[in-house]
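Undergrad: I'd like to go over a predicted model; first the sequence, then the structure.
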Amino acid sequence: MISTLVVSCTKSTTKSETTENPDGSVTTTTTTVSQNGVDVIDTAKIAEAKDNAKAKVDEAGNKIDDAAQKAKEKIDATADKAKNDLHKAGQDIKTEANKVGKDAKEAAAKGASKVEDAAKKLKEDLNVSLRKVPQKITA
């Protein structure tokens with residue numbers, strides 16, 4: 001916003017001169033010079049100042065726009081990086097969870113196999129023991 005204030009004023013200068021006449025009387029002469037202030041305003045300078053102010057305002061606006069665009073680009077880049085980092089972390093967690101699940105299944109399978117082997121061995125041992133025990137003869 002540019003505002004201009006023009007004040008119309010008059011500059012007055014008063015000069016008094018006192019002289020003594022040959023007959024001994026005194027004469028006072030007063031001179032007043034007036035100058036109108038509006039007559040000295042240069043409209044070309046006002047227009048130039050107005051244009052300079054407008055150019056500076058435009059330049060400041062462009063700098064603000066540029067700074068805002070750069071900030072937006074940095075925010076977008078940071079958001080994209082955070083999104084990618086979170087996605088990668090999620091994938092890593094999923095991969096590790098799958099490994100743990102697979103390891104648990106393998107451990108359970110090995111445990112079940114050992115239980116089956118032990119049960120077979122126990123059954124064989126019982127069969128062998130039963131063959132050694134005399135059978136009752138029923139008459």
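TA: Looks like it arrived, so ask away.
Undergrad: below-threshold pLDDT in this protein: ranges please.
TA: Along the chain, the model assigns pLDDT under 70 to residues 1-11, 35-42, 130-139.
Undergrad: all strands for it, in order.
TA: Applying DSSP state E to the chain gives strands spanning 10-20, 26-36.
Undergrad: list the neighbouring strands of the first one plus their orientation.
TA: The pairing partners recorded for strand 10-20 under DSSP bridges are strand 26-36 (antiparallel).
Undergrad: how about the CA coordinates for the strand it pairs with, as CSV?
TA: Extracted in CSV, the C-alpha atoms of strand 26-36 (Å, rounded to 0.1, in the frame of the first residue of the first chain):
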residue,chain,number,x,y,z
VAL,A,26,12.8,57.0,11.6
THR,A,27,11.2,55.0,8.8
THR,A,28,10.5,51.3,9.1
THR,A,29,10.2,49.2,5.9
THR,A,30,8.7,45.7,6.2
THR,A,31,9.0,43.3,3.2
THR,A,32,7.1,40.0,3.2
VAL,A,33,8.0,37.3,0.6
SER,A,34,5.5,34.4,0.2
GLN,A,35,6.2,31.1,-1.6
ASN,A,36,3.5,28.5,-2.3
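Undergrad: just to revisit the earlier point, let me have the strands of the chain in CSV, extended by mean neighbour count and distance to Gly101.
TA: For every residue, glycine as well, the C-beta is placed using N, CA and C. Written out in CSV, the entries for the strands of the chain read as follows (neighbours: other C-beta atoms under 10 Å; distance: least, C-beta to C-beta, whole Å):
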stretch, mean neighbour count, distance to Gly101
strand 10-20, 9, 98
strand 26-36, 9, 98
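Undergrad: dump these to a markdown table, plus distance to Ala49.
TA: Formatted as a markdown table, the entries for those read as follows, by distance: least, C-beta to C-beta, whole Å:
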| stretch | distance to Ala49 |
| --- | --- |
| strand 10-20 | 23 |
| strand 26-36 | 22 |
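Undergrad: Asp125 is nearest to which of the ones you listed?
TA: Proximity of the strands of the chain to Asp125 was assessed by C-beta to C-beta; the nearest stretch is strand 10-20, lying at 132.3 Å.
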